[in-house]
Structures are given as structure tokens and as C-alpha cells.
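Chemist: sequence isn't available, so here's the structure alone:
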């Protein structure tokens, strides 16, 4: 399987080694962001923090789903994720979304969240640009993730008062609510 997928993508003009490296780095960013968002979410307390909990939880769950959607494609292209979690963490395409020094500073918390989303958007734009018209499967997965990352960034930037985004609260539960674009790539 990996040989055929890799050959097709390579024949289309994509540097498969570079693509696999980007996919691994973005998968690392998704998994580490899931971890750091867990810490951020549990520290969202008080009147201001409670208002952010729901969207932070949505972004957290969706980042885990993004990781789950990326891993099969990495292996389909002949790549693999590191077998050491520390090494995998350090490959992340984005810096860690650490809890701010003052976890009660909601604005600092929002800066961490919006910065993580903006880094992810840049990463998936790069993958989409590399694969557009050449590697339809990777492009489709990356575009689906990009749609969700743009929504996450919009949610957090609105809380920062950067202006309206035009995005609305999602309806539904489970996969109907979380990962509306990526869910088709997940085993349910």
C-alpha cells in the first residue's frame, strides 16, 4: 500500500519525504496541543474562564481527531511516527501551548490559544499548497483540518475582541458537533 500511494504522489511532483515530514510535525502539533489544551481547559475557572471552557473543549477534542486523521496517511505514504513520545513532542510544527504564568489571566490564556490555532492554520495551508491537484487524499484531509482550525482561531480571536468572525456555535452532539469536516476520515 505505502509503495503505491508514495509512487503516485511522487509521480505527481510532490516531494514525498518533505510531505511526510510535514505531516508528522503537524500530527505532533495536534497531539501535543490536545495535551496542552487539557491543561488550559482545567484552568479556565471563574466567570471569564467558564465562558471559554466549551470552545476550548471543542478545539481540544478536534485536535485529537486531527491527529487520528493524519496518522493513517503518514503510514500510507511510507512514513511512521516516532516510537518515543518525547522525540515526537519535540518534532511539533508549533510551539507548545503552555499555561501562562498567571493562569487566571484570561487574556494571556486566549493569546496562547489563538497563537496555537494560527500556527496550525499556517501548517495546513502549506500542506494544501504542496498537495493541491497532486495528492488528492492528503489535500482532502489537510483541507478538512484547515477548516476546523480556522473556526478555532475565529472563536478565540472573537474573545480577544479582534472583531466578528462570522462563525456560529455548532449544533449537535458527538461527531455531529465535533470535527464536522474531519469526521469522515475517522473510524466511528
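Modeler: Arrived safely, thanks for sending. Here the structure is a predicted model, which means the values were calculated and not measured.

Chemist: could you use CA atoms for every contact and neighbour count after this?
Modeler: Will do.

Chemist: which helices and strands does the lengthiest helix in the chain pack with?
Modeler: Determined from DSSP state H, the single longest helix within the chain is helix 46-76. In terms of contacts (3 or more C-alpha pairs under 8 Å, 6 or more residues apart in numbering; DSSP states H and E), helix 46-76 is packed against helix 2-11, helix 16-42, helix 136-159.

Chemist: now do the contacts for residue 19.
Modeler: By C-alpha atoms under 8 Å, 6 or more residues apart in numbering, the residues touching residue 19 are 127, 130.

Chemist: quick one: secondary structure of residue 83?
Modeler: Local secondary structure at residue 83 is given as coil here, using DSSP: H, G, I helix; E, B strand; the rest coil.

Chemist: count of neighbours near it?
Modeler: 8 (other C-alpha atoms under 10 Å).

Chemist: look up phi and psi at it.
Modeler: Torsion angles at residue 83 (phi, psi; degrees, to the nearest 10) stand at phi -90, psi 10.

Chemist: what mean pLDDT does stretch 46-64 get?
Modeler: For stretch 46-64, mean pLDDT rounds to 91.

Chemist: sorry, back to before: which parts of the longest helix of the chain are buried?
Modeler: Judged by neighbour count using 16 or more other C-alpha atoms under 10 Å, the buried positions of helix 46-76 are 49, 52-53, 55-57, 59-71, 73-76.
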